[in-house]
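> need a structure here:
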Amino acid sequence: MTVYEKGAEVVRMYQTLFGVDGFRKGMDLYFARHDEQAVECDDFRRAMADANDRDLTQFERWYSQAGTPVLRFEGRWDATARTYTLTLSQSCPATPGQAEKLPFHIPVAVGLLDGAGVDMPLVVDGQARGATAVLELTDAEQTFVFTDVREQPVASVLRDFSAPVVLQGSYTDADLLHLFSHDSDPVNRWEAGQRLAMGRLQKLTGEAAARNNSAASLDLDDTFIEALRKILVDDNLDPAFREQGLTLPSETMLAEQLESVDPLAVHIARQFVRADIGARLRPELLAAYAANATPGPYSPDAASAGKRALKNLALAYLNAAPDEASVALAQRQFDEADNMTDRAAALGALVAARVPQAADALAVFYDEFKNEALVVDKWFAMQASSPTTDLAAVRALMAHPAFTLRNPNRARSLVSTFCANNPVQFHAPDGSGYAFWAEQVIALDALNPQVASRLARAMDRWRRYTPALQAQMQQALQRVAGQVKLSNDVREIVGKALAN
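Next up, the predicted model:
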């Protein structure tokens, strides 16, 4: 994270430190001092400090030091003393021009859950803190002691994403399941679910790769399925949260966690999990689909949007393991939808299900919206990102009358989307996706170097892939680098990729 990217997160940290009222006092003072003036970040910091009578000198390091801090935590419960000791430590990797980093001022919002998943009342340094305590980490390492902790708790650390850091800690699988099932903080509850899913996806990816990229004998544990079931059927939870909590990490996110990436194994593992969820939670998914219908005229309000999101996620899972009924459900939604969200979701479900109805639905969708440029872009992008779309299908789409490389949005919707968002097909073992990438970068560079340079970034991390893929990616990069006529932007990007 660069210094400039931290701005919004730093502003949120002020509110975490001072609360809503303290933040408002700082804002009022800031506007009283600087209305209609050209100001700097330090002016905002001084207003917050003066309004709340606090020294925020150290807080300035969020702007003067680049990089994303790593926050580590370790907890220990003493049954005899009835205390819970939480040790927080921080570090920040070196960045160009800043080999050594001084400690940041990091607000860390923490809660403790008991065995029933209820927030414990917190007492730190003799002061009652309610259900969530904001601890201020200002040294490389600090210890905080919670008193009157009557049972072994599960710590909910960094609630509401209280600081823009990378969190590392000793959560067990049982801890994550407990947080995912009970945490009152929706951010950490979601994060626990993502960690649970990521751990299983990583394990299954390794197993698929070891079996020559086969899904045979892969297995998803009942514990995880039951945790998802609990979220899915809990009508006390907001539908929008349930949709987010039940959404798996993407293939791109999963690949980021691997030292050596085999995109086919990643795809097999994630598709297996999606299909397993769709098959094992079918009754609950069908019930959620029906319960979250939004009859009547379309409304963009948040409640309706949340219901549509959960309904469409249920439809996607049902068609990850499609049967005649789930395909018919998607077809009916496609035919009857009165809004683009539901129409596109149904079309996506049909395409992902690899059923004959998908081709007819794609043709109907295009014919209806062929005069809406943005919708046609979406039509191309939906197909380009689908794992069912191989390179031959992309080339066929490039021959479509509505496609031209000279239209930047159209080029991005098809070519760039295929290279960036369809990893299993782009990283085809025969290297055809990389040859296509090189061909398109060269062609686009002659038409629009900006679009070409963005497409060129698809190969930035080529050394993270398996050796066989690396060799073919390197050849594609060298092909582009060897062009006599090449824009400075593309030449720089490709040159750096080869050098790294």
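> what does the domain assignment say about this protein?
4-64, 70-170, 177-234+262-280, 390-500 (automatic domain parsing).
> Tabulate those in a markdown table, adding columns for mean pLDDT, mean neighbour count and distance to residue 384.
Bear in mind the C-beta positions are built from the backbone N, C-alpha and C, glycine included. Shown next, in a markdown table, are those (pLDDT from 0 to 100; neighbours: other Cβ atoms under 10 Å; distance: least, Cβ to Cβ, whole Å):
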| stretch | mean pLDDT | mean neighbour count | distance to residue 384 |
| --- | --- | --- | --- |
| domain 4-64 | 91 | 15 | 28 |
| domain 70-170 | 96 | 16 | 32 |
| domain 177-234+262-280 | 96 | 19 | 15 |
| domain 390-500 | 96 | 18 | 4 |
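> Any chance of those in a markdown table with distance to residue 295 as columns?
As requested, the domains of the chain are arranged in a markdown table below (distance: least, Cβ to Cβ, whole Å):
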| stretch | distance to residue 295 |
| --- | --- |
| domain 4-64 | 37 |
| domain 70-170 | 34 |
| domain 177-234+262-280 | 21 |
| domain 390-500 | 33 |
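> Of all those, which one is nearest residue 342?
Nearest of those to residue 342, taken as Cβ to Cβ: domain 177-234+262-280 at 18.8 Å.
> hang on, residue 133 packs against residue 119?
No - contact between residue 133 and residue 119 fails when scored by Cβ atoms under 8 Å: they sit 10.8 Å apart.
> Overlap in contacts, those two.
Residues touching both residue 133 and residue 119 (Cβ atoms under 8 Å, 6 or more residues apart in numbering): residue 111.
> The longest helix along the chain: how far from the chain's middle?
The longest helix of the chain (DSSP state H) is helix 7-34. Distance of helix 7-34 from its chain centroid, counting by Cα atoms, centre = their mean, to the nearest Å, is 28 Å.
> now swap in stretch 355-362 and tell me
Centre-to-centre, stretch 355-362 and its host chain are 29 Å apart (Cα atoms, centre = their mean).
> Stretch 71-78 now?
With Cα atoms, centre = their mean, you get 26 Å for stretch 71-78.
> Just the CA trace of that stretch, in CSV.
The C-alpha coordinates for stretch 71-78 follow below in CSV (Å, rounded to 0.1, in the frame of the first residue of the first chain):
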residue,chain,number,x,y,z
LEU,A,71,0.0,-7.0,12.8
ARG,A,72,0.5,-10.2,14.7
PHE,A,73,-1.4,-11.3,17.8
GLU,A,74,-1.1,-14.0,20.4
GLY,A,75,-3.5,-14.7,23.2
ARG,A,76,-3.1,-16.6,26.5
TRP,A,77,-5.9,-17.3,29.0
ASP,A,78,-5.0,-17.9,32.7
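> three-state assignment of the residue of the chain positioned farthest from its centre?
Farthest-out residue of the chain from its mean C-alpha position, per Cα atoms, centre = their mean: residue 80, at 41.5 Å. Per DSSP: H, G, I helix; E, B strand; the rest coil, the secondary structure class of residue 80 is coil.
> This protein: strands as residue ranges?
For the chain, the strands defined by DSSP state E occupy 70-78, 83-91, 106-113, 122-124, 127-130, 133-137, 141-147, 154-157, 166-169.
> helices or strands up against the longest helix of the chain?
Where contact means 3 or more Cβ pairs under 8 Å, 6 or more residues apart in numbering; DSSP states H and E, helix 7-34 is packed against helix 41-51, helix 61-64, strand 106-113, strand 133-137.
> Tell me what angle it forms with strand 133-137.
90 degrees (axes from the mean of the first three to the mean of the last three Cα atoms, to 10 degrees).
> Could you give the number of residues near residue 378?
If you count neighbours by other Cβ atoms under 10 Å, residue 378 ends up with 17.
> Can you read off the pLDDT for it?
Confidence at residue 378, expressed as pLDDT, is 97.
> Could you find the closest non-adjacent residue to it?
Sequence neighbours aside, residue 344 is the residue nearest to residue 378 in space, at 6.8 Å (criterion: Cβ to Cβ, 6 or more residues apart in numbering).
> again, but for residue 60
Excluding the flanking residues, the one nearest residue 60 by Cβ to Cβ, 6+ apart is residue 45, at 6.2 Å.
> and of the strands of the chain, who's closest to residue 309?
Closest of the strands of the chain to residue 309 is strand 154-157, at 24.7 Å (criterion: Cβ to Cβ).
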